[in-house]
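[1] pasting the structure only:
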Ligand code: SF4
Ligand code: SF4
Ligand code: SF4
Ligand code: FES
């Protein structure tokens, strides 16, 4: 539910309107079947689907905004907030599941106070659930800002997150 | 006709139709939740499953075409058990709030549970926890009670052409909501309430707050005036077990007096007034090269629709306020003066077949100074609820008449309750305004009936008037698109938001079918046939209002009280 709420999180305004216009211009024909390719192209260019982008895509295709939002939220691949400085991926593939990744995911959710698909208020983290990361030998595995963390236990999660918080704070200082 | 075998009996079916239709005609009741009259089946809820010999699994009868000689069992143990299980699964995450639910007693989910003999909770799922959306002045959405049947989504898109709702997310996380899960108030919702009418549960209902009205009734210093829309007297009876199509105007007046209203007026009066103003406006536009086609402005959902989707056509809208607003304005203007009552001590209530009227009454354009034309709008359903709450035995009442001066109406004013009615009334009076003579035959057949788009050419004096009558906003959209694309032949278009007009409005009794709507329509035509005063301009109270206060149609006083202007509106669309 909450991952489908496109709120005005950090960076919710798109980088540049022209960029959006540019992407739309590559789909000059307003055909319904271009909806998904357009959504993908816009996410590719902006990192996520902003509210403004969805409204403009709807306008471009002559579709109601509710329908475009409905379709976009149907697919896991689309996100509605910009990614945080560190994108945290929690693997929920079979091997990780067997090794207890559900508990790990819960620990991450508690630690970050966000649901999958969301970005923390300070913009440091975003959370994503992925199917199989292809590192089954390391299960349960999470990544943060591209780093792999192997055999993660729920009680280790906070320490991992803390190290990234520290990095973000150091960078800011 | 072909023959099929159902429960070991032979019944007739039309080639190509779905099984459900044939079953219904034969009086065999199979429950449905997602099926909608007149729209294609989706087969979403599976509530209507039956056994068909030779089919490997149960089939949804709403989406399964008949075949000559097919053998069907509708109430075999297997079919009934499957339906019960489907229902129990739907109930797994349901809040079980019946006692506190606006649909307690008129809920399809509730009565299905009873009919299928559900007596215990067999499945318990995680209860959904969504915020109730009370942002709209007309509607309340409680997503926790939604069973995802999709009817609101379809009616909003396919019948109303608005499409502010859709399924959001997927799997067990799916909900029905607006773009970005925002409140209905920032969406393109036009507040028509058609989604409430089709919703099988309490997930959609009207905003209902009438404490202020009850307080005003109890306050000896307040004069409380109520007006009743033309479509209400032919529908309210259904809430009290009277068959569709009975006109209970007299009982309704009596009930309103029992509730304590000081004056009972008829919106048919201001419908006549609307015709005087709007008819004159049309003639004025025709004679002075004004913007055409002129579009009627009685239906507030339609007004919002134009403001947000077709702002370039706002100048085409008649500047007339709707009859509800006109009556409020003359009550607080003329009536207050005449009775020597401080208008601030008048509380105006209207009983409407409509939820959008609640939105309209709150519009900034409908308030003069800090005084609203209308203080409170009740739907037909709410009035029925209040009558029951106050212990009034509706069927034991004796008929009474409405009060002067605004209780008097012509039968043309009454026709406003159905699609085509405004047009018919307008043609009658325009003819008189232009030629000085009444039409030979007052009945304007081509604008009657439930069809979504009707057109006609009528001769008014020397002029050939091309008119169109539309109901259901998806139909309006079709016509407006033609006009956008350059269609130029039309002079005057009547639009009612709800399919069939107010007799099928979003505030009308729940659970009615097309047959009921037809019966309501016939009731209005019957009233028109049987009454003496059949043209708006002959309404003596309207004539008096002009001679004593307004002067003539489109006068300065009229403009101050009875006309308004609309503006483009930004929404999520
Ligand atoms: S929607 Fe129906 S079943 Fe659900 S709480 Fe309301 S009355 Fe009861
Ligand atoms: S009230 Fe009308 S416009 Fe609004 S959601 Fe319901 S059907 Fe759609
Ligand atoms: S809100 Fe009502 S009509 Fe809409 S999907 Fe839910 S249950 Fe069906
Ligand atoms: S009524 Fe047939 S599937 Fe819903």
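    Sure, I can see it. What you see is a predicted model; the values in this text were computed from it and never measured. Numbers count the residues shown, from 1 in each chain, chains lettered A, B, ... in the order given. Ligands and ions are numbered 1, 2, ... in the order given.

[2] What separation do you get for residue B:24 and residue B:513?
    Relative to residue B:513, residue B:24 is positioned 10 Å away (C-beta to C-beta, to the nearest Å). In this view, the C-beta of every residue, glycine as well, is placed from N, C-alpha and C.

[3] Tell me which residues are up against the helix or strand bottoming out on mean pLDDT in chain A.
    Among the helices and strands of chain A, helix A:17-25 carries the lowest confidence by mean pLDDT, DSSP states H and E, at a mean of 87. With C-beta atoms under 8 Å, 6 or more residues apart in numbering or on different chains as the test, helix A:17-25 has contacts from A:14, A:38, A:41-42, A:45-46, A:52-53, A:56-57, A:60.

[4] hmm, the next helix-or-strand element following that helix in reach of chain B?
    Downstream of helix A:17-25, the first helix or strand assigned by DSSP states H and E is helix A:35-46. No - using C-beta under 8 Å from any C-beta of the partner chain, helix A:35-46 stays clear of chain B, with a minimum separation of 12.8 Å.

[5] how about the residues of chain B near ligand 2?
    B:139, B:155-156, B:160, B:162, B:164-165, B:189-195 (C-beta under 6 Å from any ligand atom).

[6] can you tell me which helix in chain B is longest?
    helix B:267-287 (DSSP state H).

[7] same deal with chain A?
    Longest among the helix segments of chain A by residue count, using DSSP H, is helix A:157-172.

[8] From the contact counts, what lies against it?
    For helix A:157-172, the contact count by 3 or more C-beta pairs under 8 Å, 6 or more residues apart in numbering or on different chains; DSSP states H and E identifies strand A:86-91, helix A:101-112, strand A:142-144 as packing neighbours.

[9] Which SSE is immediately downstream of the second one?
    Using DSSP H and E, the helix or strand that follows helix A:101-112 in sequence is strand A:125-130.

[10] and what of the last one?
    Sequence-wise, the next helix or strand beyond strand A:142-144 is strand A:147-149, with elements assigned using DSSP H and E.

[11] Show me what counts as buried in that following strand.
    Within strand A:147-149, the residues scored as buried using 16 or more other C-beta atoms under 10 Å in any protein chain shown are residue A:149.

[12] so how far is that strand off the chain centroid?
    Relative to its chain's centre, strand A:147-149 lies at 17 Å (C-alpha atoms, centre = their mean, to the nearest Å).

[13] Repeat that for stretch B:222-229.
    Worked out by C-alpha atoms, centre = their mean, stretch B:222-229 lies 21 Å from the chain centre.

[14] who's in contact with that stretch?
    Residues outside stretch B:222-229 that contact it (C-beta under 8 Å, 6+ apart): B:213, B:216-217, B:249, B:252-253, B:256, B:260-267, B:270, B:323-324, B:327-328, B:331, B:335, B:339, B:341, B:345-354, B:402, B:406, B:416-417, B:502.

[15] mind running it again at 6 Å?
    Applying C-beta atoms under 6 Å, 6 or more residues apart in numbering or on different chains, the contact partners of stretch B:222-229 are B:216-217, B:256, B:261-265, B:267, B:327, B:331, B:341, B:345-353.

[16] and the closest residue to residue B:183 other than its chain neighbours, how far is that from ligand 3?
    The shortest distance from residue B:183 to any non-neighbouring residue, by C-beta to C-beta, 6 or more residues apart in numbering or on different chains, is to residue B:135 (2.9 Å). Residue B:135 sits at a distance of 16 Å from ligand 3 (criterion: C-beta to the nearest ligand atom, to the nearest Å).

[17] what do you get for residue B:94?
    As judged by C-beta to the nearest ligand atom, residue B:94 and ligand 3 stand 11 Å apart.

[18] Where does the prediction get shaky in chain A?
    For chain A, applying pLDDT under 70 flags the ranges A:1-17.

[19] Got the domain ranges for it?
    Following automatic domain parsing, one gets these domains for chain A: A:3-74, A:86-172.

[20] and the last one, how far out from the chain's middle?
    It stands for domain A:86-172. Using C-alpha atoms, centre = their mean, the offset of domain A:86-172 from its chain centre is 13 Å.

[21] hang on, the earlier thing: and the angle for the longest helix of chain A with helix A:101-112?
    Counting by axes from the mean of the first three to the mean of the last three C-alpha atoms, to 10 degrees, helix A:157-172 lies at 40 degrees to helix A:101-112.

[22] can you pull the buried residues of helix A:157-172?
    A:157, A:160-161, A:164-165, A:168.

[23] out of the residues you listed, who's nearest residue B:561?
    residue A:168 (63.4 Å; C-beta to C-beta).

[24] And the residue lying closest to that closest one once chain neighbours are set aside, how close does it get to ligand 2?
    Of all residues not flanking residue A:168 in the chain, residue A:124 sits nearest, at 4.8 Å (C-beta to C-beta, 6+ apart). Distance from residue A:124 to ligand 2, counting by C-beta to the nearest ligand atom: 38 Å.

[25] how about the residues of the stretch 401-550 of chain B that lie near ligand 1?
    Within reach of ligand 1 by C-beta under 6 Å from any ligand atom, the stretch 401-550 of chain B has no residues at all.

[26] Need phi/psi at the residue of the stretch 401-550 of chain B found nearest ligand 1.
    Of all residues in the stretch 401-550 of chain B, residue B:510 sits closest to ligand 1, at 11.4 Å by C-beta to the nearest ligand atom. In terms of degrees, to the nearest 10, the main-chain angles of residue B:510 are phi -80, psi 150.

[27] Settle this for me: it is touching residue B:105, isn't it.
    No - with contact defined as C-beta atoms under 6 Å, residue B:510 does not count as touching residue B:105 (9.7 Å).

[28] Between those two, tell me which one has more neighbours.
    More crowded of residue B:510 and residue B:105, by other C-beta atoms under 10 Å in any protein chain shown: residue B:510, with 19 against 12.

[29] Leaving aside the residues adjacent along the chain, what's closest to that one?
    residue B:106 (4.7 Å).

[30] now residue B:315
    Nearest non-adjacent residue to residue B:315, counting by C-beta to C-beta, 6+ apart: residue B:291, 4.8 Å away.

[31] So the one you found: helix, strand or coil?
    Secondary structure state of residue B:291, per DSSP: H, G, I helix; E, B strand; the rest coil, is coil.

[32] Tell me how far it lies from residue B:283.
    14 Å.

[33] The two: which is more packed in?
    The residue with more neighbours, out of residue B:291 and residue B:283, is residue B:283; 19 against 12, by other C-beta under 10 Å.

[34] can you count the residues close to the residue nearest to the more buried one when sequence neighbours are not counted?
    With sequence-adjacent residues excluded and distances taken as C-beta to C-beta, 6+ apart, residue B:283 is closest to residue B:433, at 5.6 Å. Neighbour count of residue B:433, defined by other C-beta under 10 Å: 19.

[35] Which helix or which strand is home to residue B:433?
    Assessed by DSSP H and E, residue B:433 sits inside helix B:421-435.

[36] isn't residue B:189 right next to residue B:160, touching?
    No - contact criterion C-beta under 6 Å: residue B:189 and residue B:160 do not qualify, at 9.4 Å.

[37] the more surrounded of these two?
    residue B:189 (31 against 27).

[38] measure the residue of chain A found nearest ligand 2 to ligand 4 for me?
    Residue nearest to ligand 2 within chain A: residue A:66 (9.5 Å; C-beta to the nearest ligand atom). Residue A:66 sits 22 Å away from ligand 4, going by C-beta to the nearest ligand atom.

[39] And for chain A, the residue most distant from the center?
    Using C-alpha atoms, centre = their mean, the residue of chain A lying farthest from its centre is residue A:29. It sits 28.8 Å away.

[40] what's the distance between it and residue A:21?
    Using C-beta to C-beta, residue A:29 is found at 16 Å from residue A:21.

[41] Wasn't the residue of chain A closest to ligand 2 part of a strand?
    No - in this structure, residue A:66 is helix, not part of a strand, as judged by three-state DSSP.
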